[in-house]
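K.L.:
I need the structure of the sequence given here:
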Amino acid sequence: MYRRRPRLRARQHEGTQHRRADERQGRRGRICRIPLRCPSREGRLARDGESLMKVTKEVAPLLGAAAATLPFAYLGNRFVDCACSYSDMLEDLTAAPAEMWGYIAAHPFRLLLNDAGMLGMLLGVCIPWAIAMVCLVYGQKNTRVGEEHGSARWATTEELAPFIEDKNPQGSANALLLSKSTGRAWSREGFSMNYDGNMNVLVIGGSGAGKTRYYVKPNVCQMNSDLFITDPKGDLLLDVGNMLTNNGYEIRSFNTFFPDRSLIYNPLHYVRTDLEIQSFAGLLISMTTPPKSSSGDPFWEKSEKMLYMALIAFMRDYCPAQDYNIGGLLKLLSMAKASESNENYKSPLDLIFDEIETGMRRVKRNPKNPEVKERAAQNPTPSDAPEEISVYTGADGERFDLVPSAFRRHSDNKRPYDNVHKNGKRGFDPTEDYALENYRKFQSAAGKTLKSILITCNARLAPFTAAEVKRLVVGEDQMHLERFGDPDSKNAIFAIFDDTDQRTLGFLHGMMVYQTVRVLCHKALEKYNGKLPRPVNFILDEYRSLSLPADISGFISVLRSRNIAMSVILQAKSQLAELYDEATADSIVGCCDTVLYLGGGKANKGTTSTCEFISDSCGQQTVFQENYSQSHGGQGSWSKSGQTVGRALIDPAEVAKLPKTECVVLINGANPIVDEKYPLTEHPNYKLMADTPGFDIKKYMAEKRRREEREYSARLASQSKSMPRRPPLRGRTDAEVGKHYKSRDTDSTGKAE
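P.N.:
Numbering: from 1, shown residues only. Prediction:
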């Protein structure tokens, strides 16, 4: 009867990493990745064979030398005995080896025990050991038995335990939580090269993977650091607000979705020096430029940047504090005009900078002008009159009076009019005033070019012209970014934006993140010798929507030494490729010592696939593969062979099929681990969040706004008593602007520009 023969089959044994998913899936509800012994006999034989092979290669020469010691000692003795039997031993020495075997056969048990015999035995002993040494030295190869194709393996929770705590009295309360069994300690006793590193985390999880529930909320519940959280949905603050305020946190919200629930963020409040002005002008351009857009001719951006620098420096140096904001920048920009046909055309903004350069303000000629009369009364002599009150004829023939400018530079309390040069000229030279220098460089272009630059500037700042946005950025700053990291306060900022329209105002949140990092890095160096006393944790959900500039990678790399951590939360690794070039994206990933994959990816082909990234990061392991083959015919035969091959510790398809309750944690300097996601309900502080009603953000913000406004009014009142009152923005009222410069909106031909 025909007997069915077994088919060809190939089987892989993964050694200690062998997975019995079918059996343990039903018992535990998840895949068990605890190292197991290979249950098959063939696997045990393969492992034993590998161990024996390793021992044989290292010990065989020594064992052979030991076994040959006595025979070679005997042969050495008999060789000397045979040679000594000749009358002329040296001449017949070459014949002794041939005659020695007959001599041994005739006298097998004879030994020469004199000095010559002992020397022969010593030489015989040295021969096998010399051969063994040669084999060990020249036959040694760089082998790693069992790791020929890779040494990757899954870590155990015991191996990663030192990362989360190291004899610290606070225990896990001092940690940045990653999964149920893993985390990173904010501080520890002493310094550990193995376990200390930066606290930056790259969190990757698709939609519904639980980025908020399993990572963001557990770390908010820790309440062991100051928090800067981007909240694209706006519901995180509602869930954790009461818990934070009840534990001493001061909450500040910047909400571009509901501006009436937001405090004011004035980015210019953190811009004071010339270098900071230059940096902010570049930041404003980069934040409002679409990612990876073609830059074209850099002339336009550089010219645009010079204008921003001039206007911001002017507001800083000459305008009241209440005008130093984005609203003041928009007002100054609206005064800038250019004429293609009339090179002598003066816009209202040109006249402002003329005042700084000449020290004189131009007013429409009017003998009844009280200011002119006052100046004339103070200088009655004809010789002084031209210096104080002079007549100016404009390009259109209209006559003006020149009176001393009311501008006064805040840095040195000096008026342009009081600055007299050796040649008698008044005013500041462009090299003496940062705002004037940049404006004159910008103004050196032709009228047509200036109009193009102005159009670009107005288009770039168009989002700020909306009434809702002005409410967010015009006024005294209420975000107080500089308060982060102080030991005696707890701070939390929630940046809330519309997750359905991320591109319109997302740059404002990115600008706030960028400025906060700069402010805290400088604060750490200036006030705390390089390290903030209280940790600051940036949890940037929907990082892609922030449009942070490419040089943010430079900031991320230095955060560790400042006691700052940043969590970059993405839905897929490819989102970094959408924002930056390959080098910058790789740099951001490299600056994160920890990668947390929460699942939700797909095993797509391509180098940017998230699943491939996780698989490649876990590495390759060596497995033993057995091949069985069987031939059919009259004389059937079968054979079995085995070899070691390389295999991914977890391949992209397995990454994509990761159970929703599990995550992959990769910590720099440690083996990866597959662990359960952090169970939020088991956190000790979860009841503080779950047992409270939703946070009433409108009530909290209203109380905070009233308190800030009272403090602001009190400060203004004290300033008005101690300082002379200055006209707003231009050193004059808006009525004066409209009255004296209305005619400047047209060129000499009467045509509007």
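K.L.:
Heading C-terminal from the helix or strand hosting L275, find the next helix or strand.
P.N.:
For L275, the element it lies in under DSSP states H and E is helix 274-287. Heading C-terminal from helix 274-287, the first helix or strand you meet, by DSSP H and E, is helix 298-318.
K.L.:
Please name every helix or strand in contact with that following helix.
P.N.:
Using 3 or more CB pairs under 8 Å, 6 or more residues apart in numbering; DSSP states H and E, the elements in contact with helix 298-318 are helix 274-287, helix 326-334, helix 348-358, helix 434-443, helix 447-460. All C-beta atoms are positioned from the backbone trio N, CA, C, and that covers glycine.
K.L.:
ok, now with 10 Å
P.N.:
The elements that helix 298-318 packs onto, with contact taken as 3 or more CB pairs under 10 Å, 6 or more residues apart in numbering; DSSP states H and E, are helix 274-287, helix 326-334, helix 348-358, helix 434-443, helix 447-460, helix 728-731.
K.L.:
Of all those, which one comes closest to A648?
P.N.:
helix 274-287 (38.8 Å; CB to CB).
K.L.:
now the most centrally placed residue in the chain, nearest residue through space, not along the chain?
P.N.:
By CA atoms, centre = their mean, the chain has its centre lying nearest to I556, at 3.7 Å. Nearest non-adjacent residue to I556, counting by CB to CB, 6 or more residues apart in numbering: C591, 4.2 Å away.
K.L.:
Then T358?
P.N.:
That would be G427: by CB to CB, 6+ apart, it lies 4.5 Å from T358.
K.L.:
can you tell me which of the helices and strands packed on helix 298-318 comes nearest to V655?
P.N.:
When these are compared by CB to CB, helix 274-287 sits nearest V655, at 34.2 Å.
K.L.:
For that closest one, name the packing helices and strands.
P.N.:
Using 3+ CB pairs under 10 Å, 6+ apart, helix 274-287 is in contact with helix 298-318, helix 434-443, helix 447-460, helix 502-527.
K.L.:
Name the residues of the last one that are buried.
P.N.:
This means helix 502-527. 502, 505-521, 523-524 (16 or more other CB atoms under 10 Å).
K.L.:
That one versus helix 326-334: what angle between them?
P.N.:
Between helix 502-527 and helix 326-334, the angle comes out at 110 degrees (axes from the mean of the first three to the mean of the last three CA atoms, to 10 degrees).
K.L.:
Check the shortest one too.
P.N.:
On the basis of the same axes, to 10 degrees, helix 434-443 is oriented at 40 degrees to helix 326-334.
K.L.:
pLDDT (mean, whole number) over helix 434-443?
P.N.:
For helix 434-443, mean pLDDT is 95.
K.L.:
Tell me which other helices or strands that helix touches.
P.N.:
Short answer (3+ CB pairs under 10 Å, 6+ apart): helix 434-443 packs on helix 274-287, helix 298-318, helix 348-358, helix 447-460.
K.L.:
out of those, nearest to F257?
P.N.:
With distances scored as CB to CB, the stretch of the helices and strands packed on helix 434-443 nearest to F257 is helix 274-287 (18.7 Å).
K.L.:
mind checking how far that closest one is from the chain centre?
P.N.:
20 Å (CA atoms, centre = their mean, to the nearest Å).
K.L.:
Start at 468, not 1
P.N.:
Done: numbering now begins at 468, and the last item shifts to helix 741-754.
K.L.:
list the buried ones in that helix?
P.N.:
Buried-residue list, helix 741-754, by 16+ other CB under 10 Å: 743-745, 747-754.
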